[in-house]
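Q: here is a sequence with its predicted model. Questions after.
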Amino acid sequence: MNKKKISIVAVSAVVIVSLGLGFNNIFKKANTLETDNNDTVVSDQSIETGDELNTEEAKVDNTETKKENKENKKDEDTTDSSGNSNKNSSKSTKTDGTETKKPNNEEVEKADNSSEKPKPSNNEKPKPGNSSEKPKPSNNEKPKPSNNEKPKPGNSSTKPKPENNQTITSPKPKNKTVTIAISCKTAINNGLNKKPGFSHLPSNGIILQNMKVEFNEGDTVFDILVKITRKKGIHMEYRGSGSNTYIEGINNLYEFDGGSNSGWMYSVNGVYPNYGVGAYKVKSSDVIKFNYTCNLGADLGARVN
């Protein structure tokens, strides 16, 4: 008996549960039908009170929206802010179990708005070649030379100045000099120094060795002889002046002391001129020699010029 009661209770419970589920489904379907009817009533009212469009215009709009929906199917990248796909179909369905909803007018308007082509933003940079304005060179700006540039040769107007400690000294011109010598060897060779009154003559016959004498421009051989004899304190006697000047005696040895053909002769650079000592103008580095002759210069090997 107990088993029969338990089975009856179990069967009755199953029947009650199944009936409850059936009634629940019926109520849900009734609610969905009521909401669908409300949506259709609202949509019909919006169509009647909206912009008072006739049926022909609505058909044209439907065809346009279909074309736009076809174009928007190609653009898969464009999506609205809510994340929904803009396929712009005339009807969108959502499935959450047994419940289905029709799109309202607001969703259709959003879909229409989303089909519009995106406008370029103001922040976009202009593409090259489209801008009509060209950059103009500034008239006032001129390239300035850098301070680190070195001056090029030839451009600098300043000449290098010597340092304060440096003193520029121009080389002094060298003094012009000549060489002069006095000799009486021929008289010594003839034994004149052994005669009375001639013992003052040097035994080697050299009265003056080669000496350099400074001279001025235009000096003559006579001028050089006067300078050196006065400087060395050697006796010298002459007569006449200018080109007619004649040397009579040097170191107390006169003409004709060594014979009728004796006397003083001079040479310049080994040559005996045929004119007086007062007429011959010396040049730098000349070598002047006064020699005593006892035979009109033949004993000197004189080459008279």
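A: Cool, got the structure.

Q: for this protein, what's the longest strand?
A: Within the chain, and with DSSP state E defining each element, the longest strand by residue count is strand 206-214.

Q: got the buried residues for that strand?
A: Of the residues in strand 206-214, those with enough neighbours to count as buried (16 or more other C-beta atoms under 10 Å) are 207-208, 213. Just so you know, the C-beta spots here come from the backbone N, C-alpha and C atoms, and that holds for glycine as well.

Q: mind listing the helices for the chain?
A: Under the criterion DSSP state H, helices of the chain are mapped to 2-49, 55-74, 105-114, 185-189, 221-232.

Q: go through these and find the least confident stretch.
A: Least confident of the helices of the chain, judged by mean pLDDT, is helix 105-114 with a mean of 50.

Q: so how far is Cys184 from Phe23?
A: Here the distance between Phe23 and Cys184 works out to 180 Å (C-beta to C-beta, to the nearest Å).

Q: and these two? which has more neighbours close in?
A: Looking at Phe23 and Cys184 with other C-beta atoms under 10 Å, you find the greater number of neighbours at Cys184, namely 27 against 10.

Q: so what's the more buried one closest to, chain neighbours aside?
A: Once flanking residues are discounted, Cys184 sits nearest to Tyr292: 4.1 Å by C-beta to C-beta, 6 or more residues apart in numbering.

Q: what's near enough to touch that neighbour?
A: By C-beta atoms under 8 Å, 6 or more residues apart in numbering, the contact set of Tyr292 is 183-187, 250, 253, 258, 262-265.

Q: which one of those residues has the most neighbours?
A: Neighbour counts for these were taken using other C-beta under 10 Å; the highest belongs to Cys184, which has 27 neighbours.

Q: OK, contacts around the closest residue in space to Gly240 that isn't next to it in sequence?
A: Beyond its immediate neighbours in the sequence, the residue positioned closest to Gly240 (C-beta to C-beta, 6+ apart) is Tyr246, lying 5.2 Å away. Contact analysis of Tyr246 by C-beta under 8 Å, 6+ apart lists 238-240, 276-277.

Q: selection in ChimeraX covering whichever of these are buried, please.
A: Filtering those down to the buried ones (16+ other C-beta under 10 Å) takes a single ChimeraX command:
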select :238,276,277
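
Q: which ones among the contacts of Tyr246 are found in strands?
A: Among those, DSSP E puts 238-239 in strands.

Q: between the contacts of Tyr246, which is nearest Asn175?
A: For those, the closest approach to Asn175 (C-beta to C-beta) belongs to Val277, at 22.0 Å.

Q: what packs against the longest strand of the chain?
A: The criterion is 3 or more C-beta pairs under 8 Å, 6 or more residues apart in numbering; DSSP states H and E, and the helices and strands that strand 206-214 contacts are strand 177-183, helix 221-232.
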